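Undergrad: Dropping a prediction and its sequence here:
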Amino acid sequence: MDASNVYADLDGISTDAAGLKSISDAQGGAMNYLASTLDDAARALRSPAAGIALQRVGADLHQAGMQMGATFSDQGDMMSGNTGIYDNADQDAGSHISSLDALT
């Protein structure tokens with residue numbers, strides 16, 4: 001068994017986890033910007049009903065975006081945790097294989 005193939009796969013998991021965190025951060029920033037923009041638009045409109053509707057839309061979009069961002073972040077954290085678990089299991093398996101190889 002070639003351990004380099006396993007490590008390459010673990011490197012991919014780490015890269016994916018970092019990518020998900022980056023997406024989470026970017027989405028959170030975009031949602032904050034959108035919410036701020038809609039709040040500004042609501043203040044600029046003279047109709048109280050239009051302003052309230054835009055504030056509600058902004059708040060809903062902000063909440064949905066932040067929840068999605070948190071989901072990406074959580075998934076990235078879980079993938080990072082899995083990398084450690086797989087790495088430890090790989091080292092254990094490599095040790096067992098070496099022990100068996102030494103018997104022959």
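TA: Arrived safely, thanks for sending.

Undergrad: what residues does stretch 56-64 touch?
TA: 31-32, 34-35, 37-39, 42 (C-beta atoms under 8 Å, 6 or more residues apart in numbering). From N, CA and C alone the C-beta is placed, and that goes for glycine too.

Undergrad: can we see that at 7 Å?
TA: 31, 34-35, 38-39 (C-beta atoms under 7 Å, 6 or more residues apart in numbering).

Undergrad: Can I get that stretch in PDB? Just the C-alpha atoms.
TA: Output in PDB follows, covering the C-alpha atoms of stretch 56-64 (Å, rounded to 0.1, in the frame of the first residue of the first chain):
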ATOM      1  CA  ARG A  56     -37.800  43.100   6.200                       C
ATOM      2  CA  VAL A  57     -36.300  41.800   3.000                       C
ATOM      3  CA  GLY A  58     -32.800  42.900   4.000                       C
ATOM      4  CA  ALA A  59     -33.200  41.300   7.400                       C
ATOM      5  CA  ASP A  60     -34.500  38.100   5.900                       C
ATOM      6  CA  LEU A  61     -31.600  37.900   3.300                       C
ATOM      7  CA  HIS A  62     -29.100  38.700   6.000                       C
ATOM      8  CA  GLN A  63     -30.400  36.000   8.300                       C
ATOM      9  CA  ALA A  64     -30.500  33.400   5.400                       C
END
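
Undergrad: how about the helices of the protein, start to end?
TA: Remark: helices assigned in the chain by DSSP state H are 3-44, 48-103.

Undergrad: Now, of the contacts of stretch 56-64, which are buried?
TA: 31, 35, 38-39 (16 or more other C-beta atoms under 10 Å).

Undergrad: which of those lies closest to residue 70?
TA: residue 31 (10.9 Å; C-beta to C-beta).

Undergrad: any idea how far residue 61 is from the closest one?
TA: Per C-beta to C-beta, to the nearest Å, residue 31 is found 7 Å from residue 61.

Undergrad: Mind picking the two most distant members of the buried ones among the contacts of stretch 56-64?
TA: Using C-beta to C-beta, the pair of those lying farthest apart is 31 and 39, separated by 12.5 Å.

Undergrad: Could you list the low-confidence segments of this structure?
TA: 1-14 (pLDDT under 70).

Undergrad: wait, what's in contact with the spatially closest residue to residue 54 that is not a sequence neighbour?
TA: Leaving aside its sequence neighbours, residue 54 sits nearest to residue 42 (C-beta to C-beta, 6 or more residues apart in numbering; 3.9 Å). By C-beta under 7 Å, 6+ apart, the contact list for residue 42 reads 51, 54-55.
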